[in-house]
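K.L.:
quick check, what structure comes out for this input:
(2 chains)
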Amino acid sequence: MITIDKLCYHSKLRYENAGEKFAFAIITLIICVMSRSIAVAGIVLLTTGILTVFKGGIPVSRYLHFLMLPLTFLILSTLAIVFNVKDAPLDLFAVSIGDWYLTASKEALFYALQLIATALSAVSCLYFLSFTTPMTDILEVLRKLHCPKLLIELMLLIYRFIFLLLTIASAISTSQDSRLGNKDYKTSLKSFAALGSVLMIRAVSRSNKLYDAMESRCYDGTLHVLSETQPPKKPVIIGIALFDILLLIFAVWRRFFS
Amino acid sequence: MNHDIILKADDLYFSYDDDKTHSLNGLSLEIKRGSKVAFMGANGSGKSTFFLCCNGIHKPAKGTLYYNGKPVSYDKKGLLELRSKVGIVFQDPDNQLFSASVYQEISFGILNLGVSEEQAKKEVEQVIDYLEITPFRHKPTHALSGGQKKQVSIADILVMHPEVIILDEPAAALDPKHTAMVNHIVDQMTEQGITVLMATHDVNYAYEWADEIMLFHEGKVLMHGTPKEVFSSHDVLKKTNLEPPAVLELFRRLTKKGILSSSLPLPKNLKTLEKYIEDIKL
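P.N.:
Down below sits the predicted model:
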């Protein structure tokens, strides 16, 4: 997650209008999930991949590595859909175990592939968004979409605090290491517990101090902040609209007419 | 009422938890408009607590704080008024920066003053330019170095155009380059007529920079006066565990040995002392 955050600040697409990127990612995601078609998923996977890697300048190896993470998870979780233990063999293959068969049907295999493809391409849409758009920009889009203010403010503070707490946690854990705090299983359990409780206390005291600092700048209960937005570009909007309309038509055609 | 006194504390008491130990213990002081005041004293002597009082974050249990000759009122309007005039740059920027975006962070204070977005944008751009934040303005705050975070936290306050700026150990954990930068910014604040209050442990810097030194001890002002007065009183320095500035100590030794005439005025900085030494005719 930290790597994604670091990479997105260096993406070449970072200074594109956040609304455009957000709309592209979400609309494509919805079409992809609704259609459940392997062909649509393939197109989406390819498009977002090209955009993230070539347009955005994210290293290919990094991108593939990040795609592998959900892929492993997906394959493991669809195993249960493919394989069955039944008293009669199904059409794909069957291995007999005593009176029973470990078996699979062609239909189930196709279904599993469909699930994997759809889920993976949906993830790739979100990857496109998070590899090109910093969190603060996404929050700005949510603000424009009239997402509740409280939620946005919470997300803004949480995002900042994730990094603060991670820094503190890693500092504490380093200092524990340097004092042999993790020399065996027992001490490492103890150290981890201590780390957790200290982190909790620190988080509370940090938030108190942050609140004081915000109060001293006339905080009135609402976070008023300015945002820097890049103006949307017409060709990009047209491009996104065209892509998603064509994708939608293709998805509908695959579903009902082929 | 004396209009040259911008901030006045009269017998302030404040305690964080119980009534037995007071962080502020009958503190009284006066700050002149446009002056440079160094706050010195051991950790826990009440400097930071007093700063938080100046800004209405802490309300003293007893005693009165005056701003511009008027007692501070602690209703919503009074606090807003006080906080728009007195800004605090906190010691640890991580306790001050709440947003991951530098731009958002700086815009927070000025928008709270009720300024229009147009105006706020202009001011934020100005301060970003002025404090040389441009090279890292698009970085997330968690990726900034300590010195850069400090620059942003100063910009946070400067953008609000306060009359008084309080800096709580601004040079803590900064490298020499950023320390020099902060000192330069502080000098410019004074040129603009801003009253600067700074907590510091650096006796040499305080001696050279300040118009006045407030020496805190156990929640009270033990001594206040010009740097020359304060740093010449050895009993007081001993009580607060402070060393005299190197320049003064060197000057004292040289006069004692008869190398420099004791009729010379106390040197304000190392350069003056060097000149004294150069002027010795052998």
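
K.L.:
in the chain, which spans are helices?
P.N.:
Unless you meant another one, I'm taking chain A. Here chain A has its helices, by DSSP state H, at A:2-10, A:18-35, A:38-50, A:60-82, A:106-132, A:135-144, A:149-178, A:185-215, A:234-256.

K.L.:
nope, chain B
P.N.:
In chain B, the segments counted as helices under DSSP H are B:47-54, B:76-85, B:102-112, B:117-130, B:146-158, B:176-191, B:203-209, B:227-232, B:234-239, B:246-256, B:270-278.

K.L.:
what about the second one, distance to the chain center?
P.N.:
Relative to its parent chain, helix B:76-85 has a centroid offset of 20 Å by CA atoms, centre = their mean, to the nearest Å.

K.L.:
for residue 150, the count of nearby residues, please.
P.N.:
As the question left the chain open, I've gone with chain A. 9 (other CB atoms under 10 Å in any protein chain shown). From N, CA and C alone the C-beta is placed, and that goes for glycine too.

K.L.:
not quite, go with chain B.
P.N.:
For residue B:150, the count of nearby residues is 28 (other CB under 10 Å).

K.L.:
check the gap between the residue lying closest to it once chain neighbours are set aside and residue A:209 for me.
P.N.:
Of all residues not flanking residue B:150 in the chain, residue B:93 sits nearest, at 5.5 Å (CB to CB, 6 or more residues apart in numbering or on different chains). Taking CB to CB, to the nearest Å as the measure, residue B:93 and residue A:209 are separated by 11 Å.

K.L.:
and the two? which has more neighbours close in?
P.N.:
A count of neighbours by other CB under 10 Å puts residue B:93 above the other of residue B:93 and residue A:209, at 23 against 16.

K.L.:
so the more buried one is in contact with residue B:154, correct?
P.N.:
No - counting by CB atoms under 8 Å, residue B:154 is not a contact partner of residue B:93; they are 9.1 Å apart.

K.L.:
hang on, the earlier thing: got a markdown table for the helices of chain A, with mean pLDDT and distance to chain B too?
P.N.:
Formatted as a markdown table, the helices of chain A follow (pLDDT from 0 to 100; distance: least, CB to the nearest CB, whole Å):
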| stretch | mean pLDDT | distance to chain B |
| --- | --- | --- |
| helix A:2-10 | 86 | 6 |
| helix A:18-35 | 92 | 12 |
| helix A:38-50 | 92 | 24 |
| helix A:60-82 | 90 | 18 |
| helix A:106-132 | 91 | 14 |
| helix A:135-144 | 90 | 4 |
| helix A:149-178 | 91 | 4 |
| helix A:185-215 | 92 | 4 |
| helix A:234-256 | 91 | 20 |
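
K.L.:
can you count the residues close to residue 246?
P.N.:
Assuming you mean chain A. Residue A:246 has 11 nearby residues by other CB under 10 Å.

K.L.:
look at chain B instead
P.N.:
Neighbour count for residue B:246, taken as other CB under 10 Å: 13.

K.L.:
residue contacts, it?
P.N.:
With contacts defined as CB atoms under 8 Å, 6 or more residues apart in numbering or on different chains, residue B:246 is in contact with B:204, B:270.

K.L.:
please apply the same query to residue B:199.
P.N.:
By CB under 8 Å, 6+ apart, the contact set of residue B:199 is B:38, B:39, B:40, B:47, B:48, B:51, B:91, B:167, B:168, B:169.

K.L.:
rerun that using 7 Å as the cut-off
P.N.:
For residue B:199, the set of contacting residues under the criterion of CB atoms under 7 Å, 6 or more residues apart in numbering or on different chains consists of B:39, B:47, B:48, B:168, B:169.

K.L.:
nearest to residue A:26, of those?
P.N.:
The nearest member of the contacts of residue B:199 to residue A:26, counting by CB to CB, is residue B:168 at 44.5 Å.

K.L.:
domain parsing for the chain?
P.N.:
No chain was given, so I picked chain A. Per automatic domain parsing, the structural domains of chain A span A:1-82+A:108-133+A:230-258, A:148-227.

K.L.:
not what I meant, chain B
P.N.:
According to automatic domain parsing, the domains of chain B span B:5-244, B:245-282.

K.L.:
would you list the ones you listed in JSON lines and tack on mean pLDDT?
P.N.:
Rendered in JSON lines, the data for the domains of chain B read as follows (pLDDT from 0 to 100):
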{"stretch": "domain B:5-244", "mean pLDDT": "91"}
{"stretch": "domain B:245-282", "mean pLDDT": "85"}
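
K.L.:
for residue B:49, grab the count of nearby residues.
P.N.:
With neighbours defined by other CB under 10 Å, the count for residue B:49 comes to 22.

K.L.:
just the one 10 residues further on next, same as before
P.N.:
By the other CB under 10 Å criterion, the neighbourhood of residue B:59 contains 12 residues.

K.L.:
pretty sure it contacts residue B:74?
P.N.:
Yes - counting by CB atoms under 7 Å, residue B:59 touches residue B:74, with 5.5 Å between them.

K.L.:
any chance of the domains of chain A in CSV, with distance to residue B:243 too?
P.N.:
As requested, those are arranged in CSV below (distance: least, CB to CB, whole Å):
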stretch, distance to residue B:243
domain A:1-82+A:108-133+A:230-258, 44
domain A:148-227, 30
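
K.L.:
tell me which of the ones you listed is the most buried.
P.N.:
Comparing the domains of chain A on average neighbours per residue, with mean count of other CB atoms under 10 Å in any protein chain shown, the densest one is domain A:1-82+A:108-133+A:230-258 at a mean of 17.

K.L.:
which parts of the stretch 101-250 of chain B sit against chain A?
P.N.:
Taking CB under 7 Å from any CB of the partner chain as the criterion, the stretch 101-250 of chain B approaches chain A at residues B:101, B:103-104, B:107-109, B:111-113, B:117, B:120-121, B:124, B:139-140, B:142, B:156, B:160.

K.L.:
repeat that for 8 Å
P.N.:
Taking CB under 8 Å from any CB of the partner chain as the test, the list of the stretch 101-250 of chain B residues beside chain A reads B:101, B:103-105, B:107-109, B:111-113, B:117, B:120-121, B:124, B:138-143, B:156-157, B:160.

K.L.:
which ChimeraX command selects the buried ones in the residues you listed?
P.N.:
If you want just the buried ones from those in ChimeraX, going by 16 or more other CB atoms under 10 Å in any protein chain shown, the selection is:
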select /B:101,103,104,105,107,108,109,111,112,113,120,121,124,139,140,141,142,156,157,160
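
K.L.:
sorry, back to before: could you redo the helices of chain A as a markdown table and give each row distance to residue B:33?
P.N.:
Converted to a markdown table, the helices of chain A look like this (distance: least, CB to CB, whole Å):
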| stretch | distance to residue B:33 |
| --- | --- |
| helix A:2-10 | 44 |
| helix A:18-35 | 46 |
| helix A:38-50 | 61 |
| helix A:60-82 | 57 |
| helix A:106-132 | 51 |
| helix A:135-144 | 39 |
| helix A:149-178 | 36 |
| helix A:185-215 | 25 |
| helix A:234-256 | 54 |
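
K.L.:
give me the contact list for stretch B:257-276.
P.N.:
Counting by CB under 8 Å, 6+ apart, stretch B:257-276 makes contact with B:207-208, B:228, B:232, B:246-248, B:250-251, B:254-255, B:277, B:280, all of which sit outside it.

K.L.:
top of those residues by neighbour count?
P.N.:
Going by other CB under 10 Å, residue B:207 tops the contacts of stretch B:257-276 with 24 neighbours.

K.L.:
now the closest residue to it other than its chain neighbours: how far from residue A:105?
P.N.:
Once flanking residues are discounted, residue B:207 sits nearest to residue B:245: 3.9 Å by CB to CB, 6+ apart. The gap separating residue B:245 from residue A:105 is 88 Å, by CB to CB.
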